[in-house]
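K.L.:
Okay, structure incoming, though there's no sequence with it:
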Ligand SMILES: Cc1cc2nc3c(=O)[nH]c(=O)nc-3n(C[C@H](O)[C@H](O)[C@H](O)COP(=O)(O)O)c2cc1C
């Protein structure tokens, strides 16, 4: 039997800073993706704040590119920090754009997965949990398990942002294999 075609995954991180732990985690996921999956990284700095007036005049270029990247993907990987026990505005704003228009939104019926990192002990748990709620409304299929909460993340990446913690790399590889199986359920 021939192998199935590799899945295309759109991945983005909800932090804009160059030294972001979550952007580093996304790069690690791209490197550790199983052979049946390719992760294309989208940079959310291209996506402005949601404004229904702007939307009514036509999606700005960055938004159009972002929505097209999700629409063309078989699944979506979101890497979220946690801000004030919730999902940061950068990430929520991106989800809000991708939930539009309500009929035919790029996120509608799309398999998604969430991971995240924080320097503290809870590893973005509350941010991930809050982000998950959005997919009830967008009608996206959010993988329930496994979960990855990268705690004390500053110790797990080197100064260049490379994942150097072997246990985290192993968990991440297993998570991505599970996500491949999850996405193939909807293919
Ligand atoms: C406004 C703000 C709120 C934060 N709130 C939390 C929080 O509730 N829980 C937590 O674990 N870390 C919190 N942090 C720390 C972030 O987890 C930390 O800055 C992390 O490195 C951000 O992700 P990044 O490295 O991908 O940019 C907060 C940081 C900021 C700037």
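P.N.:
That came through fine. Remember, it's a predicted structure, so these values are computed and weren't measured experimentally.
K.L.:
which helix is the longest one in the protein?
P.N.:
In the chain, assigned by DSSP state H, the helix with the most residues is helix 166-185.
K.L.:
Show residues contacting that one.
P.N.:
Outside helix 166-185, the residues that touch it by Cβ atoms under 8 Å, 6 or more residues apart in numbering are 4, 7, 9, 25, 28-29, 32-34, 36-37, 74-75, 77, 111, 113, 115, 141, 143, 145-146, 148, 150, 156, 163. Where you see a C-beta, it was placed from the backbone N, CA and C, and this is true even at glycine.
K.L.:
Which members of those occur in strands, if any?
P.N.:
Judged by DSSP state E, the contacts of helix 166-185 include 7, 9, 37, 75, 77, 111, 113, 115, 141, 150 as members of strands.
K.L.:
quick check, nearest of these to the ligand?
P.N.:
Of all those, the ligand sits closest to residue 150, with 10.1 Å by Cβ to the nearest ligand atom.
K.L.:
Could you report the neighbour count for that closest one?
P.N.:
25 (other Cβ atoms under 10 Å).
K.L.:
Could I get the phi/psi values of the closest residue to it other than its chain neighbours?
P.N.:
Nearest residue to residue 150, sequence neighbours excluded (Cβ to Cβ, 6 or more residues apart in numbering): residue 117, at 3.6 Å. Note on residue 117: backbone dihedrals following degrees, to the nearest 10 are phi -140, psi 150.
K.L.:
Roughly how far does residue 117 sit from the ligand?
P.N.:
Going from residue 117 to the ligand by Cβ to the nearest ligand atom, to the nearest Å gives 6 Å.
K.L.:
My understanding was that that residue contacts residue 123; is that so?
P.N.:
Yes - using Cβ atoms under 8 Å, residue 117 is in contact with residue 123, at 6.4 Å.
K.L.:
Residue 22 contacts residue 13, correct?
P.N.:
Yes - counting by Cβ under 8 Å, residue 22 touches residue 13, with 4.3 Å between them.
K.L.:
Alright, I will stop here.
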